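Engineer: please find the sequence and the predicted model below.
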Amino acid sequence: MATLAKFETFKKEFLESLPEEKYRLLESLAEHSSCITDFLFRHPEELHYIYDSLNEPLMGREKLVEEAVKSVNADDTSRFVQQLTFFKMKHFSRVVAKDIYKKHDIMELTEEYSYLADASFEVCYRKALEKTKKRLGTPFEQDTGKEAEGAVIALGKQGGLDLNYYSDVDVMYLYSDEGKTDKGVSNREFFIELFRMVTMLMTKRNVEGQPWIVDLDLRPEGSKGFLAYSLPAVEFYYWSHGRTWERHMLIKARHSAGSNRVSEDFLRIIRPFVYRKHTGQEVFEEIVELKKLIEEDAKRSVRGEFDIKKSEGGIREIEFTVQILQLMYGGKLPQLQERRTVKTLEKLVKHGILPAEKGRILKEAYYFLRRLEHLVQIKSCIRTQKFSYSDAPEFSKKMGFGSEKEFLEKLENYRKQVKEIFDDISPDVDIKLTPLQKYILTKQNEEEAVEYMSRLGFKRAQWAVQMFKTIFFSRLYVELSENSKEVLFAYIPALEKELVEFQDREDFLLNFTKMMVDGGMLWVFVSALEQNPNLVKFMLNIAKLSDYISDLMSKDRELLDWAFGIEEVPSDRDGFEKELSVISKNLDFVDRLKRLKKIVEVLVSLNYLSKIHKDDPYGRLREINDALSNLADFILEKLYSHFEGKSFAIYSLGKLGSREMNIGSDLDLIFVFKDEESKNRYIKIPQEIVKALTSYSREGILYNIDLRLRPFGKGGELSPSLSFYRNYFDKEARVWERLAWTKARFIAGDEGVRKEMDSLIESFLFGKPVDSSFITEAVDMRFRLEGLARETPEEIDIKLGKGGITDIEFLIQIFSLKQGKRITNILEGVQLFRKELIDDYLFLREVEARLRMIKGVGMSKMYRQSPFLYRISHSFSMEPQELWDKIIETKKEIRDIFLREIKMMKGGS
């Protein structure tokens with residue numbers, strides 16, 4: 001025959017020496033494959049090996065690797081590549097011979113051929129590793145210190161153990177982690193160099209031909225990506241950028257060569273990405289769209305040809321049918337997480353997802369088309385899936401048909417049936433994903449997600465989508481467990497509903513995103529979704545109400561451990577000492593106090609927010625006031641001690657004096673020295689304390705200080721002596737100052753000074769009668785403060801405004817002076833003197849507390865159109881107008897009582 005012409009011309013003696021059966025084998029091989037003919041012409045002795053192997057079992061991966069290691073081992077690169085090519089062609093010829101003689105099922109043969117590629121990669125990897133280590137050193141992982149390892153991941157037909165006889169091999173190169181070699185070279189550089197050598201060894205042309213054709217385009221970012229990726233990088237890529245087609249592609253991912261550990265870790269990483277429990281219609285639709293693009297490409301083929309792989313009714317359509325169903329159901333049925341197409345078909349039928357008759361047709365068609373594809377490829381040893389109808393006579397014979405007509409009828413019938421089955425696929429969709437979920441899952445149609453966020457009420461819809469990308473494409477999300485990812489993904493519609501129902505949704509989403517990602521709270525939130533609905537609601541309330549707490553927790557991840565690791569909120573000296581003791585000693589002392597303040601403010605605020613829906617405003621308010629007042633006392637005591645304070649005392653007026661400290665409250669401080677001699681000696685210590693309180697650092701600030709209540713206000717002396725106060729109280733102090741000093745309270749310092757100063761304060765407060773002129777002057781001062789508030793119909797001040805908190809404070813302070821009872825705490829004074837004001841006072845104080853929690857600063861003004869009004873009203877489970885009306889009504893009631901009581905006191909004076 002013509003195909004044996006070279007043998008007849010140059011190796012006639014060899015032909016004549018062959019027994020009939022070996023001659024027929026050579027003839028069949030020559031008829032089927034020109035490259036096998038060339039191989040046997042160069043190495044005729046291998047015909048005997050091939051013949052002897054016909055009835056032997058298939059070798060399998062382990063034996064192929066073992067032989068490759070023994071026979072492909074030359075130090076010289078050229079010689080190594082020749083040995084590799086010989087090894088490949090020897091076993092390729094063996095597999096094809098078994099196919100021609102129908103010794104094994106075609107799927108068994110493609111598995112053997114896939115293992116042949118694995119064995120080739122394995123010896124190339126070992127050779128490249130050896131050479132690269134000699135040049136660049138041994139790589140180590142940055143976190144564990146262990147030696148870093150690499151792996152070759154098989155994809156496509158090779159990954160599915162269905163490798164075509166003359167096809168390229170799709171692979172991806174990975175290594176365990178970043179780090180450096182013992183020669184200082186980065187792991188990325190090391191493994192890129194290693195795998196560049198692997199690719200060269202696998203593909204270098206030589207006198208034996210070309211071993212393999214390697215395709216790396218399925219790696220992350222395709223041809224634009226790095227040659228090799230670390231496991232953390234590849235995990236982040238798939239969860240943040242991975243598309244549906246990549247899920248589709250990764251179904252067949254499999255260990256091929258190198259480190260089994262790296263491959264196993266990779267497969268563990270991608271499994272939840274590929275097989276999602278929540279998969280909707282859009283995945284099916286997207287794969288269909290992908291298939292249409294392939295069909296369009298196939299339609300450009302030359303007339304008279306059929307693309308066995310891509311055309312309608314071709315192999316790709318069968319694979320797509322199978323893989324669509326795998327992606328749709330594989331997350332719920334782990335049995336479908338199978339690489340091999342035929343095995344998956346059988347499982348789809350077994351589980352009732354595909355009717356038995358359709359499964360049978362697809363299986364038969366797949367065998368038929370794969371065999372035809374192999375015959376077309378090995379004929380000229382080229383990568384092609386194009387079957388020319390003019391070759392039908394030749395291939396009908398090779399396929400075992402009695403006539404060309406019978407062959408073509410079978411081909412067209414299978415094509416038609418495959419097409420019909422594919423077109424008829426309509427998976428049951430148990431969940432309809434929202435456009436936002438669809439985008440997060442597929443990374444496609446972002447414009448649809450943006451339009452959807454606009455419909456949800458976002459003024460900056462593109463920004464809103466970016467916030468969700470920040471969460472779901474973050475490394476924190478990637479590092480969640482498979483189940484946790486699904487839980488969070490499934491929560492998206494519920495979060496959308498929360499956003500729709502919350503008017504200030506932009507700030508809510510921003511705070512939520514900062515807490516989840518910057519603050520590292522994502523795992524806590526997901527855990528709460530699984531186990532604690534109340535904690536979910538609580539965390540959402542933080543994001544809705546408090547920018548301040550959200551921001552603190554997002555900037556300082558350590559606060560997360562404090563917030564969810566402490567059973568009791570520190571609220572007294574013992575608690576503060578305990579927490580301060582575990583704050584890093586590497587920080588400056590003042591910074592340690594600042595860190596303590598942040599921790600306590602966060603914990604106290606969280607405790608408050610956890611109780612805002614309970615009917616206990618008194619207990620809730622007292623807890624936050626007491627804890628924050630105790631904290632300020634503790635910090636001032638610590639500073640007094642730290643700077644070795646002597647012969648002076650620290651007093652406080654205002655909110656600290658009355659033990660009603662809140663978020664954002666400043667300190668009204670009074671420093672008083674024992675005498676002039678002590679002042680001259682220790683004058684710098686109060687200055688150091690003020691500096692420590694008000695200085696900024698990376699830890700923030702301790703407190704702002706308000707010195708307006710000291711004698712002569714801001715222009716007065718910072719630290720007068722007792723004699724100064726004796727004279728001032730007696731001759732200089734104005735009426736309103738008696739009111740302010742009702743809140744005076746000793747904080748820290750010299751006990752002797754305390755005793756004398758308390759006596760001076762007592763005399764100042766109660767040494768003169770509270771007559772009509774005093775009350776008139778006090779009320780005039782109240783009205784002057786009211787004028788500073790500058791309220792309008794659209795703006796109210798709940799503290800200084802008409803009927804605000806200051807009305808009650810002035811009233812209680814006047815009562816205290818008139819009754820001769822020193823009551824520093826206003827709430828206690830209300831309980832003692834005017835119980836009918838309790839509810840009004842608590843209500844306004846709670847509005848003030850929640851207003852301050854929004855930004856963490858002392859605010860008392862509210863605007864009708866401000867989003868703050870909405871956020872506070874939401875915390876009270878009210879509508880904004882309802883809250884606004886209640887504040888107005890409460891202030892009117894307070895003012896009426898204030899005027900009535902003032903009138904009665906003046907009349908009775």
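Structural biologist: Yep, that arrived. Residues are numbered from 1 along each chain as shown.
Engineer: could you show me where the strands are in the chain, in order?
Structural biologist: 139-141, 150-154, 169-175, 179-181, 214-215, 228-230, 254-258, 305-307, 386-388, 648-653, 668-673, 745-749, 795-797, 861-863 (DSSP state E).
Engineer: wait, Lys861 sits on Ile796?
Structural biologist: Yes. Contact criterion CB atoms under 8 Å: Lys861 and Ile796 qualify, at 7.1 Å. The C-beta positions use only the backbone N, C-alpha and C, and glycine is treated the same way.
Engineer: more neighbours: which of the two?
Structural biologist: Ile796 (23 against 17; other CB atoms under 10 Å).
Engineer: quick one: contacts for the more buried one?
Structural biologist: Lys861, Met862, Ile887, Ile888, Lys891 (CB atoms under 8 Å, 6 or more residues apart in numbering).
Engineer: from the chain's centre, how far out does stretch 218-229 sit?
Structural biologist: 23 Å (CA atoms, centre = their mean, to the nearest Å).
Engineer: still on that earlier bit, and the strands of the chain as TSV, adding distance to Glu637 and mean pLDDT?
Structural biologist: Output for those, formatted as TSV (distance: least, CB to CB, whole Å; pLDDT from 0 to 100):
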stretch	distance to Glu637	mean pLDDT
strand 139-141	49	96
strand 150-154	60	98
strand 169-175	56	96
strand 179-181	49	96
strand 214-215	72	94
strand 228-230	52	94
strand 254-258	63	97
strand 305-307	84	82
strand 386-388	88	84
strand 648-653	9	94
strand 668-673	13	92
strand 745-749	4	95
strand 795-797	34	92
strand 861-863	33	87
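Engineer: dump those to TSV, plus distance to Leu333.
Structural biologist: Listed next are the strands of the chain as TSV, based on distance: least, CB to CB, whole Å:
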stretch	distance to Leu333
strand 139-141	36
strand 150-154	24
strand 169-175	26
strand 179-181	39
strand 214-215	31
strand 228-230	30
strand 254-258	20
strand 305-307	32
strand 386-388	36
strand 648-653	68
strand 668-673	69
strand 745-749	68
strand 795-797	61
strand 861-863	56
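Engineer: nearest to Asn413, out of those strands?
Structural biologist: Nearest to Asn413 among these is strand 305-307 (13.5 Å), distances taken as CB to CB.
Engineer: can you tell me the strand partners of the closest one and which way each runs?
Structural biologist: strand 386-388 (antiparallel) (DSSP bridges).
Engineer: would you mark the buried spots in the strand it pairs with?
Structural biologist: Under the neighbour-count criterion of 16 or more other CB atoms under 10 Å, strand 386-388 has Lys386, Phe387 buried.
Engineer: residues contacting it, please?
Structural biologist: Against strand 386-388 from outside (CB under 8 Å, 6+ apart): Ser301, Val302, Gly304, Glu305, Phe306, Asp307, Ile308, Leu372, Val376, Phe395.
Engineer: can you do 7 Å?
Structural biologist: Ser301, Gly304, Glu305, Phe306, Asp307, Ile308, Leu372, Val376 (CB atoms under 7 Å, 6 or more residues apart in numbering).
Engineer: swap in stretch 458-478?
Structural biologist: So stretch 458-478 is contacted by 235-236, 239-240, 436, 440, 446, 449-450, 453-454, 485, 505-506, 509-510, 513, 516-517, 520, 522 (CB under 7 Å, 6+ apart).
Engineer: so among these, which ones count as buried?
Structural biologist: 235-236, 239, 436, 440, 449-450, 453, 485, 505-506, 509-510, 513, 516-517, 520, 522.
Engineer: distance from stretch 248-261 to the middle of the chain?
Structural biologist: Using CA atoms, centre = their mean, the offset of stretch 248-261 from its chain centre is 25 Å.
Engineer: can you check stretch 305-312 too?
Structural biologist: Distance, centroid of stretch 305-312 to centroid of chain: 42 Å (CA atoms, centre = their mean).
Engineer: please apply the same query to stretch 89-109.
Structural biologist: Taking mean C-alpha positions (CA atoms, centre = their mean), stretch 89-109 and its chain are 49 Å apart.
Engineer: do the same with stretch 466-479
Structural biologist: On CA atoms, centre = their mean, the centre of stretch 466-479 falls 3 Å from that of its chain.
Engineer: ok, stretch 198-206 next?
Structural biologist: 40 Å.
Engineer: mean confidence for that stretch?
Structural biologist: Averaged across stretch 198-206, pLDDT comes to 96.
Engineer: in that stretch, what counts as buried?
Structural biologist: Val198, Thr199, Leu201, Met202, Thr203, Lys204, Asn206.
Engineer: possible to save those residues as a markdown table with distance to Leu535?
Structural biologist: As requested, the buried residues of stretch 198-206 are exported to a markdown table (distance: CB to CB, whole Å):
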| residue | distance to Leu535 |
| --- | --- |
| Val198 | 50 |
| Thr199 | 51 |
| Leu201 | 56 |
| Met202 | 54 |
| Thr203 | 56 |
| Lys204 | 60 |
| Asn206 | 65 |
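Engineer: closest to Glu601 among these?
Structural biologist: Out of those, the member with the shortest distance to Glu601 (by CB to CB) is Val198, at 56.8 Å.
Engineer: which ones are touching the closest one?
Structural biologist: By CB under 7 Å, 6+ apart, the neighbours of Val198 are Phe121, Cys124, Tyr125, Ala128.
Engineer: ok, so what distance separates it from Leu456?
Structural biologist: In this view, Val198 and Leu456 are 50 Å apart by CB to CB, to the nearest Å.
Engineer: circling back: quick one: buried ones out of the contacts of Val198?
Structural biologist: Buried, going by 16+ other CB under 10 Å: Phe121, Cys124, Tyr125, Ala128, out of the contacts of Val198.
Engineer: put together TSV for the residues you listed, with pLDDT on each row.
Structural biologist: Formatted as TSV, the buried ones among the contacts of Val198 follow (pLDDT from 0 to 100):
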residue	pLDDT
Phe121	98
Cys124	98
Tyr125	98
Ala128	97
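Engineer: for those residues, which one is nearest Lys743?
Structural biologist: After measuring those against Lys743 - CB to CB - the closest member comes out as Tyr125, at 77.9 Å.
Engineer: thought the closest one was touching Val152?
Structural biologist: Yes. Between Tyr125 and Val152 there is a contact under CB atoms under 7 Å: 6.2 Å.
Engineer: might one say that Glu141 is in contact with Ala148?
Structural biologist: Yes. Counting by CB under 7 Å, Glu141 touches Ala148, with 5.0 Å between them.
Engineer: give me the low-pLDDT residue ranges for the chain?
Structural biologist: Scanning the chain for pLDDT under 70 picks out the ranges 1-2, 278-302, 426-431, 557-567, 709, 712-716, 908-909.
Engineer: just to revisit the earlier point, could you dump the contacts of Val198 to a markdown table with distance to Leu480?
Structural biologist: Output for those, formatted as a markdown table (distance: CB to CB, whole Å):
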| residue | distance to Leu480 |
| --- | --- |
| Phe121 | 32 |
| Cys124 | 36 |
| Tyr125 | 32 |
| Ala128 | 35 |
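Engineer: just the ones of the residues you listed in helices?
Structural biologist: Phe121, Cys124, Tyr125, Ala128 (DSSP state H).
Engineer: I'd say the last one and Ile192 touch.
Structural biologist: No. Between Ala128 and Ile192 there is no contact under CB under 7 Å: 11.3 Å.
Engineer: buried residues in stretch 417-426?
Structural biologist: Here stretch 417-426 shows Gln417, Val418, Ile421, Phe422, Ile425 as buried, counting by 16+ other CB under 10 Å.
Engineer: please list the outside residues in contact with that stretch.
Structural biologist: Glu312, Gly313, Glu317, Ile318, Phe320, Thr321, Ile324, Lys358, Ile361, Leu362, Ala365.
Engineer: check stretch 231-248 too.
Structural biologist: 174, 176-177, 220, 262, 265-266, 269-270, 273-274, 283, 286-287, 290, 323, 327, 442-444, 473, 475, 477-478.
Engineer: rerun at 8 Å
Structural biologist: 174-178, 220-221, 229, 250, 262, 265-266, 269-270, 273-274, 276, 283, 286-287, 290, 323, 327, 441-444, 469, 472-475, 477-478, 485.
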